[in-house]
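Enquirer: 3D, please:
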Amino acid sequence: MTSSSSAASAGGRGLSRQDMKTLGLSALGGALEFYDFIVFVFFTQALGQLFFSPDQSAFAKQLQVYGLFAAAYLARPLGGIVMAHFGDLAGRKRMFTLSIFLMAVPTFLMGLLPTYADIGLLAPLLMLVLRIVQGAAVGGEVPGAWVFVAEHVPSRHVGFACGTLTAGLTAGILLGSLVATLINAVLTPEQVLAWGWRAAFVLGGVFGLLGVYLRGYLRETPVFEAMRERKALSAELPVKRVITAHPGPVVLSMLLTAAIVVVILMTPSILQSQYGFTAMAALEANTVAVVCLTIGCVAAGAAVDRYGPGRTFVAGSVVLAATVYGLYAHIATDPGLLVPAYALAGLAVGVVGAVPYVMVRAFPPDVRFSGLSFSYNIAYAVFGGLTPLAVAAALERSREAPAWYVMATCLIGVAAGIFMLVTGYASAPVEGTG
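Expert: Numbers count the residues shown, from 1 in each chain. This next block holds a predicted model:
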């Protein structure tokens, strides 16, 4: 049986041992790479003190650190488009491996950077350059990972595969939270400023190289191999077809962006600066929330396979809005509710695990990598780049601004879910999957 015929006939089979191995290795590699990308956010207060002028206010420093964080998001579309272009023409696996290497090196170098006290303005500029390289790398990693696992599994398990991969990425956030918690637990604040933060970045470089090694055990997707056999690779620039024919998935990426950035990445710092929680208390609660998020991503992926994308997004968006509002509304009056409220919000954020299901189904195989990458990265560049700045500025007026921001994007999720229920959008089997 040829690769193309086997790919076409496999949609009804269950997950094989090889499928599970592919999912496991892909999720683990994604976790290690995503740790490298987000560990930055867990040390925003330390980085603000070390990489900017001591004459500036604490708020100004934090805003500039969020600016560095946002720069990586702005770099994601270019990196994603370039890597996805070659992923559609030269192979998924090659770009899947290259992306993690390009993440590991800058992370390691960040841990060695001199500070503002050593080289002045050159310190934040060097950090900016390294963040841009990281952004380009993750711009190819995340969509590439979704395409890679979706094209390895049977069509009826695409939601579970994408949810599991997304859970792997969120496990990278969990790993970052655990490392940051450990560093803050065993070191004094002075030691964290002196060298503790560096250990987190150097460790990330090591994690990234381990991820490169693990991906050597993965195989090219049967979908790409079948296209190469049939000489069915896209004859034009893949992203050109994406822009003209497939604009829809950008909308759902907005929900994914706002939910992850605000609830998971920004909230630990907000809890400290706006609500008076200690770093340890905020990070411990965040760790619980990320564990729940990881579970929620797998559950959302399984739900979208069983109930369809429309119902999943309507229900998931409503629950997300309610739990995020509950988190920010109640911790001010009852700090003891922090951990359970944050856990519920983290579980609800798991609805993002269903987003790649829709995005994978939106594009034919010859432009799938480019299509998913363009949609995801454009949304992340705009909303991921602007969200930290917009929320930080809005916090000057209201401590509940993060909740209102997420609730507004949840309206988009509800509207998208209703649209899918009415039109059947993204309900057909994934063309070309194994």
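Enquirer: what residue ranges in the stretch 101-250 of the chain score low on pLDDT?
Expert: By pLDDT under 70, the weakly predicted segments of the stretch 101-250 of the chain are 220-224, 226-250.
Enquirer: so where do the helices sit in it?
Expert: 116-119, 122-150, 158-186, 189-191, 197-215, 222-230, 238-245, 250-258 (DSSP state H, counting those that start in this stretch).
Enquirer: give the contact list for the residue at minimal distance from the centre of the chain.
Expert: The chain has residue 169 as the residue nearest its centroid, 6.2 Å off, counting by C-alpha atoms, centre = their mean. Taking C-beta atoms under 8 Å, 6 or more residues apart in numbering, we find residue 169 in contact with 27, 30-31, 34, 142, 145. For the C-beta atoms, the positions are set from N, CA and C on the backbone; glycine is no exception.
Enquirer: which one of these sits closest to residue 82?
Expert: Nearest to residue 82 among the contacts of residue 169: residue 142, at 14.6 Å, using C-beta to C-beta.
Enquirer: in contact with that closest one, which residues?
Expert: Taking C-beta under 8 Å, 6+ apart, one finds 30, 169, 376 in contact with residue 142.
Enquirer: against residue 271, how distant is it?
Expert: As judged by C-beta to C-beta, to the nearest Å, residue 142 and residue 271 stand 26 Å apart.
Enquirer: same question for residue 353.
Expert: Distance from residue 353 to residue 271, by C-beta to C-beta: 24 Å.
Enquirer: try residue 169
Expert: Taking C-beta to C-beta, one finds residue 169 at 23 Å from residue 271.
Enquirer: tell me the SS of residue 399?
Expert: coil (DSSP: H, G, I helix; E, B strand; the rest coil).
Enquirer: list the residues that contact residue 311.
Expert: So residue 311 contacts 417, 421 (C-beta under 8 Å, 6+ apart).
Enquirer: buried set for whichever helix or strand it is part of?
Expert: Applying DSSP states H and E as the criterion places residue 311 in helix 309-330. Using 16 or more other C-beta atoms under 10 Å as the test for burial, helix 309-330 gives 309-310, 312-321, 323-328.
Enquirer: so what touches the helix or strand following it?
Expert: Tracing the chain C-terminally past helix 309-330 and defining elements by DSSP H and E, one meets helix 338-349 next. Applying C-beta under 8 Å, 6+ apart, the set of residues contacting helix 338-349 from outside is 259-260, 263-264, 267, 271, 277, 281, 284-286, 288-293, 295-296, 316, 319-320, 322-324, 326-327, 330-331.
Enquirer: now the helix holding residue 311 - C-alpha only, PDB.
Expert: What follows is helix 309-330, C-alpha atoms only, in PDB (Å, rounded to 0.1, in the frame of the first residue of the first chain):
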ATOM      1  CA  PRO A 309     -15.900  22.900  17.700                       C
ATOM      2  CA  GLY A 310     -19.100  25.000  17.900                       C
ATOM      3  CA  ARG A 311     -20.400  23.600  21.200                       C
ATOM      4  CA  THR A 312     -16.800  23.400  22.700                       C
ATOM      5  CA  PHE A 313     -16.100  27.000  22.000                       C
ATOM      6  CA  VAL A 314     -19.400  28.400  23.200                       C
ATOM      7  CA  ALA A 315     -19.300  26.500  26.500                       C
ATOM      8  CA  GLY A 316     -15.600  26.900  27.000                       C
ATOM      9  CA  SER A 317     -15.600  30.700  26.400                       C
ATOM     10  CA  VAL A 318     -18.500  31.200  28.800                       C
ATOM     11  CA  VAL A 319     -16.800  29.200  31.600                       C
ATOM     12  CA  LEU A 320     -13.500  31.000  30.900                       C
ATOM     13  CA  ALA A 321     -15.100  34.400  31.300                       C
ATOM     14  CA  ALA A 322     -16.900  33.400  34.500                       C
ATOM     15  CA  THR A 323     -13.800  31.900  36.200                       C
ATOM     16  CA  VAL A 324     -11.400  34.700  35.300                       C
ATOM     17  CA  TYR A 325     -13.900  37.300  36.600                       C
ATOM     18  CA  GLY A 326     -14.300  35.300  39.700                       C
ATOM     19  CA  LEU A 327     -10.500  35.100  40.200                       C
ATOM     20  CA  TYR A 328     -10.000  38.900  40.100                       C
ATOM     21  CA  ALA A 329     -13.200  39.800  41.800                       C
ATOM     22  CA  HIS A 330     -12.700  37.700  44.900                       C
END
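Enquirer: backbone phi and psi for residue 364, please?
Expert: With angles defined as degrees, to the nearest 10, residue 364 sits at phi -70, psi 160.
Enquirer: got it, and residue 400?
Expert: Torsion angles, degrees, to the nearest 10, at residue 400: phi -90, psi 10.
Enquirer: any idea of the pLDDT on it?
Expert: pLDDT, residue 400: 88.
Enquirer: that one reaches residue 331, doesn't it?
Expert: No. Residue 400 sits out of contact with residue 331 when judged by C-beta atoms under 8 Å, with a separation of 10.3 Å.
Enquirer: neighbour count: those two, which is higher?
Expert: When residue 400 and residue 331 are compared on other C-beta atoms under 10 Å, the one with more neighbours turns out to be residue 331, at 22 against 18.
Enquirer: show me what contacts the more buried one?
Expert: Applying C-beta under 8 Å, 6+ apart, we find residue 331 in contact with 271, 275, 337-338, 341.
Enquirer: circling back to that earlier point, what's the closest of the helices of the stretch 101-250 of the chain to residue 66?
Expert: Residue 66 lies closest to helix 122-150 among the helices of the stretch 101-250 of the chain, at 11.5 Å (C-beta to C-beta).
Enquirer: any idea of the angle the helix or strand residue 66 falls within forms with helix 122-150?
Expert: Per DSSP H and E, residue 66 falls inside helix 58-89. Computed by axes from the mean of the first three to the mean of the last three C-alpha atoms, to 10 degrees, the angle separating helix 58-89 from helix 122-150 equals 40 degrees.
Enquirer: contacts for stretch 45-54, please.
Expert: So stretch 45-54 is in contact with 40, 58, 60-62, 64-65, 68, 115-117, 123-124, 127, 192-193, 196-197, 269, 272-273, 279, going by C-beta under 8 Å, 6+ apart.
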